[in-house]
Every structure is written in C-alpha cells, then in structure tokens.
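> one predicted model, sequence on top.
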Amino acid sequence: MDRRTPADSRVTLTQLMGPGEANTLGNVHGGYIMKLCDEAGGMAASKYARRHSVTIVVDSMTFHSPVNIGDLVTVAAEVTWTGRTSMETRVVVTAEDVIAGAITHTNTAYFVYVALDANGRSTPVPPLTCVTDEEKLRFERAAARQDHRLTSREEIAE
C-alpha cells in the first residue's frame, strides 16, 4: 500500500454565511459550522484513502468567537493520523469580515473517520508519512488522542 502525506488529503471549503444559517442574534448556528467541519473532514479522509469514509468520532469542539451573517467562512482539513482503517482529520475554521479585512480563528476540531470498501465494511488505509516537524508533532498528538479515545471507550463499556 502506497504511503501518503497530509498534503495529499488537504481540503478547503469557503462559504459566505447568510441569514439562513444564523440565529436571531445574527450568529451562525454552531451546528451549521459543525456540519461544514464534518464535510471538510470527511472529504479530506476520502481524498486521502481514495475511499468513501464515514464519521465515527467528533472530539470536543469549542467556539472561540462567533461567526456572523456576511462572514466568509473557510474550513481547512487534513489527515493528521492513520490507524489500520481509521483516520483523524484536523479541521480549522476561520471567519473573514471581508469589508474590514479581519480574519478570526473561530475553532479547531478533530474528527475520526473509517474508510469503507465497496460492501460498506471498514478497509485498510495507507500509512501516513509526515514530512515536516509540525506534521510529526500533530501525528504524535493525534496518536495520544486515539489512545485516550480507546481507553475511554473501554472504561464506558465496563
């Protein structure tokens, strides 16, 4: 199985936020932002694995600042870790006030996906090759998060 890098998975979605995505305060619904994150993360995972991929875990998502009607939201995603059949993606969201030219980091989240074969069963993914020191650090941190997820799942099952 060929090896791939995080760059092989990178996806960027950009969308203008309108009134249909917002609440009565003019802030975009957090659930809508989560949907965009899942779309970008899922596409990064599918692009990386060259397979359909489904969400199995969403780590906590903290919103650091609101996204407003009229903001241009950019969601960037890439694979940061791979297991046998699963992949973690790092998803970074920014909101741009295009009139003021201000770009605000609104949140970062981590999603885990499983690659599927033609029968809808989990299937192996290529190993991740980290090139930069930053990619290597992200991989190490992602592996620690995966260990924590597995430990937590075992504790809940008991």
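Happy to help now that I have it. Numbering: from 1, shown residues only.

> what comes up buried for the strand or helix carrying residue 151?
According to DSSP states H and E, residue 151 maps onto helix 133-157. If you call a residue buried by 16 or more other Cβ atoms under 10 Å, then helix 133-157 has these buried ones: 135, 138, 139, 142, 145, 146, 149. C-beta coordinates here come from the backbone N, C-alpha and C atoms, glycine included.

> okay, strands next: where are they in this protein?
11-16, 53-58, 72-82, 86-97, 102-115 (DSSP state E).

> quick one, the last one and strand 72-82 angle?
Angular relation of strand 102-115 and strand 72-82 on a 0 to 180 degree scale: 40 degrees, by axes from the mean of the first three to the mean of the last three Cα atoms, to 10 degrees.

> can you list the strands that strand 102-115 pairs with?
Counting by DSSP bridges, the strands paired with strand 102-115 are strand 53-58 (antiparallel), strand 86-97 (antiparallel).

> which residues are in contact with the helix or strand of the chain with the lowest mean pLDDT?
Between all helices and strands in the chain, the lowest mean by mean pLDDT, DSSP states H and E belongs to helix 133-157, at a mean of 87. Helix 133-157 has contacts (Cβ atoms under 8 Å, 6 or more residues apart in numbering) with 5-6, 57, 59, 80-81, 83, 86, 88, 90, 110, 112, 128, 130.

> now for the spatially closest residue to residue 19 that is not a sequence neighbour, how many residues are close by?
With Cβ to Cβ, 6 or more residues apart in numbering as the criterion, residue 19 has its nearest non-adjacent residue at 5.6 Å, and that residue is residue 69. Neighbourhood size, residue 69 [other Cβ atoms under 10 Å]: 16.

> which one of the strands paired with strand 102-115 is the most hemmed in?
The highest average neighbour count among the strands paired with strand 102-115, using mean count of other Cβ atoms under 10 Å, belongs to strand 86-97 at a mean of 22.

> render the CA-only coordinates of that strand in PDB, please.
This file holds the C-alpha atoms of strand 86-97, laid out as PDB (Å, rounded to 0.1, in the frame of the first residue of the first chain):
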ATOM      1  CA  SER A  86      -9.300   4.900  10.600                       C
ATOM      2  CA  MET A  87      -8.000   8.400  10.000                       C
ATOM      3  CA  GLU A  88      -8.100  11.500  12.200                       C
ATOM      4  CA  THR A  89      -8.600  14.900  10.500                       C
ATOM      5  CA  ARG A  90      -7.700  18.300  11.900                       C
ATOM      6  CA  VAL A  91     -10.300  20.900  10.900                       C
ATOM      7  CA  VAL A  92      -9.600  24.600  11.300                       C
ATOM      8  CA  VAL A  93     -12.300  27.200  10.900                       C
ATOM      9  CA  THR A  94     -11.800  30.900  10.200                       C
ATOM     10  CA  ALA A  95     -14.300  33.700   9.600                       C
ATOM     11  CA  GLU A  96     -13.400  36.700   7.500                       C
ATOM     12  CA  ASP A  97     -15.100  40.100   7.600                       C
END
